[in-house]
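Peer 1: predicted structure and sequence below. I'll ask about it afterward.
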Amino acid sequence: QVQLVESGGGLVPAGSSLRLSCTVSGGTLTTGGMGWFRQAPGKERFFVAAIAWTTGNTWYGEFMKDRFTISSDNAKNTVYLQINRLQPGDTAVYYCAAKKGDGLWRRPQQYDSWGQGTQVTVSS
């Protein structure tokens, strides 16, 4: 079973940038792709972005495309999430997830494996 490990979170001031990383181990994913979700305290897990391994096609959650960029390095089995102009409303635990199939990228129930999450806290 694959394992996902996120890194790159932290406490940052508003307006700064972060790049989150998610490295996959225990297997090579050649189908499907990876997604990023975030969850703030007391709120549901929210779709941020996803990328397909083979095509590189990307999908973004509502209002996410402006400041968020997802990318992948297939040789390193790593997916990145670049977040620019961070706002206090971005404060959440950010999770990466892997899915074997295509489609339904925005639904967390479609993902097969999850990382433990990395905390992003944005101060005003």
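Peer 2: Cool, got the structure. For clarity, every value in this text was computed on a predicted model and none was experimentally measured.
Peer 1: SS state for the spatially most central residue of the chain?
Peer 2: In the chain, the centroid-proximal residue (Cα atoms, centre = their mean) is W36; its distance is 2.2 Å. Secondary structure assignment for W36 (DSSP: H, G, I helix; E, B strand; the rest coil): strand.
Peer 1: distance of it from S124?
Peer 2: 23 Å (Cβ to Cβ, to the nearest Å). The C-beta positions use only the backbone N, C-alpha and C, and glycine is treated the same way.
Peer 1: for the residue lying closest to T23 once chain neighbours are set aside, give me phi and psi.
Peer 2: Computed as Cβ to Cβ, 6 or more residues apart in numbering, the closest residue to T23 that is not its neighbour in sequence is T78, at 4.8 Å. Note on T78: backbone dihedrals following degrees, to the nearest 10 are phi -130, psi 140.
Peer 1: for P108, same thing?
Peer 2: Backbone torsions of P108, given as degrees, to the nearest 10, read phi -60, psi -30.
Peer 1: thinking again about what came up before, bridged to the residue nearest to the centre of the chain, which residues?
Peer 2: W36 forms beta bridges with A49, C96, as assigned by DSSP bridges.
Peer 1: got a list of what it touches?
Peer 2: Contacts here follow Cβ atoms under 8 Å, 6 or more residues apart in numbering; on that basis W36 touches 20, 22, 48-50, 68, 70, 79, 81, 94-97.
Peer 1: recalculate using a threshold of 10 Å.
Peer 2: In this structure, W36 makes contact with 6, 20, 22, 46-51, 60-61, 64, 68, 70, 79-81, 83, 94-97, 115, judged by Cβ atoms under 10 Å, 6 or more residues apart in numbering.
Peer 1: go on, D102?
Peer 2: 31-33, 52-55, 57, 110.
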